[in-house]
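**Q** Fold the following.
(one chain, ligands or ions: 1)
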Amino acid sequence: MSVTPADYLYVQQVVREQASIILSATQQYLVDQRLLPVARAEGLSSVDEFIRKTKSDSSGRLRKLLVEALCTNETSFFRDQNVYDALKASVIPDLIRARSQSRTLRIWSAACSTGQEPYTLAIMLRRDFPLLATWDIKIYATDLSGAVVAQARSGRYSANEVRRGLSPDVLASAFTQVGDEYELKKEYRSLVSFSELNLTAAWPIAEPIDLIMIRNVLIYFSAEVKRDILTRACKKLRADGCLFLGTTETPAAGLEDLMPVWLKDVIAYRHRHPQAQPTRSGP
Ligand SMILES: C[S@@+](CC[C@H](N)C(=O)[O-])C[C@H]1O[C@@H](n2cnc3c(N)ncnc32)[C@H](O)[C@@H]1O
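**A** Next up, the predicted model:
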């Protein structure tokens, strides 16, 4: 059963207010599909009832559940292999040369969903760059949704999830089978620290970042919100740092600070005016 136009308007409003995500008129089917399991988990028999309760819930808990359910969490290990080829061939080697004195690397996977993106980075750094074993490395991994962050933190994946993107060799060496699931080994998990973060709110990440991945999330935002997020990401990115968007995403029009660079078969972004950017310390 479809929600009423008034209820759909309410859902669109909540999702826009809380996450800046724009749900179009044609996405109404998502509401029934995604909210019914949430309603049932709350002991309610219909989406209508869930929306009614959400409207009168002053704690904000149900609004959060509603927004999380309407986010698209699609992801996979080594999503867009050419991005990881470019990282391996040039971005990481260049950063290793540039940071040979401080021996620190700071990476941010913004909108990390269930963790495959930051864990892919951890797997790549550990397997392909053994000299980094003694470096101080942190991969910050954040997402709006507490539910996906909790799942990511567990480091556990189903057989279907590990089949998407992982070679048998990586699966065998980096994961341990636990019942029906696969758990990423601690040596990789320990590189990643997860937290909830709404990209449209304040970012409590104090350090300048060497590599930022904001992939497959900007598509959900208006041009204005996208420009604001990328402007702030630019400020967090070190002078010689590198930023990756999703392969179908582009920076908002009028954003002059970012310069596209071709790295093998993908476009990454660097500062157009690196001299004006953070170098070694301070936000
Ligand atoms: C399609 S997934 C992308 C995952 C990963 N970056 C990738 O490319 O495979 C989009 C993620 O963005 C998150 N998201 C949506 N709106 C957000 C916001 N305002 N702030 C932070 N994360 C958000 C969703 O919860 C979801 O996990």
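**Q** got the residues of the stretch 151-283 of the chain near the ligand?
**A** Counting by CB under 6 Å from any ligand atom, the stretch 151-283 of the chain comes close to the ligand at Asn198, Leu199, Thr200, Arg215, Asn216, Val217, Tyr220, Gly246. Where C-beta positions appear, they are placed from N, C-alpha and C, glycine not excepted.
**Q** now with 5 Å?
**A** The stretch 151-283 of the chain has residues Asn198, Leu199, Thr200, Arg215, Asn216, Val217 near the ligand, with proximity defined as CB under 5 Å from any ligand atom.
**Q** ok, the first one to Asp32 distance?
**A** Looking back up the chat, that one is Asn198. Asn198 sits 25 Å away from Asp32, taking CB to CB, to the nearest Å as the criterion.
**Q** And for the fifth one?
**A** From Asn216 over to Asp32 the distance is 24 Å, taken as CB to CB.
**Q** more neighbours, those two?
**A** Taking neighbours as other CB atoms under 10 Å, Asn216 and Asp32 compare with Asn216 leading, 20 against 14.
**Q** Let me see the backbone angles for Trp262.
**A** Backbone torsions of Trp262, given as degrees, to the nearest 10, read phi -80, psi 130.
**Q** what pairs with it across the strands?
**A** Ile267 (DSSP bridges).
**Q** Number of residues surrounding it?
**A** Residues within reach of Trp262, counting by other CB under 10 Å, total 9.
**Q** just Gln151 next, same as before
**A** Residues near Gln151, counting by other CB under 10 Å: 18.
**Q** contacting residues for it?
**A** By CB atoms under 8 Å, 6 or more residues apart in numbering, Gln151 lies in contact with Thr114, Gly115.
**Q** got any ranges where the chain has weak pLDDT?
**A** 1, 253-254, 277-283 (pLDDT under 70).
**Q** got the domain boundaries for it?
**A** The chain breaks down into these domains under automatic domain parsing: 5-70, 81-276.
**Q** Any idea how far apart the tips of the first one sit?
**A** Okay, so that is domain 5-70. 17 Å (CA to CA, to the nearest Å).
**Q** That one vs the ligand: in contact?
**A** Yes - Domain 5-70 lies within reach of the ligand by CB under 5 Å from any ligand atom, at Ala19.
**Q** which SS class is Ile107?
**A** strand (DSSP: H, G, I helix; E, B strand; the rest coil).
**Q** pretty sure it is touching Thr142, no?
**A** No - assessed by CB atoms under 8 Å, Ile107 is found out of contact with Thr142, at 11.7 Å.
**Q** Pro274 contacts Ala239, doesn't it?
**A** Yes - applying CB under 8 Å as the test, Pro274 and Ala239 come out as touching, 4.1 Å apart.
**Q** all strands for the stretch 1-150 of the chain, in order.
**A** According to DSSP state E, counting those that start in this stretch, the stretch 1-150 of the chain carries its strands in the segments 104-110, 136-143.
**Q** returning to what we had before: and among the domains of the chain, the most buried is which?
**A** Highest mean neighbour count among the domains of the chain (mean count of other CB atoms under 10 Å): domain 81-276, with a mean of 18.
**Q** quick one: terminal-to-terminal distance for stretch 263-275?
**A** This stretch, stretch 263-275, spans 22 Å end to end (CA to CA).
**Q** how about the nearest residue to Phe72, chain neighbours excluded?
**A** Quick fix: residue 72 reads Thr, not Phe. Once flanking residues are discounted, Thr72 sits nearest to Tyr220: 7.5 Å by CB to CB, 6 or more residues apart in numbering.
**Q** List the contacts of that neighbour.
**A** By CB under 8 Å, 6+ apart, the contact list for Tyr220 reads Ala19, Ser20, Ile21, Ile22, Cys71, Thr72.
**Q** and those, which two are the farthest apart?
**A** Ser20 and Thr72 (14.1 Å; CB to CB).
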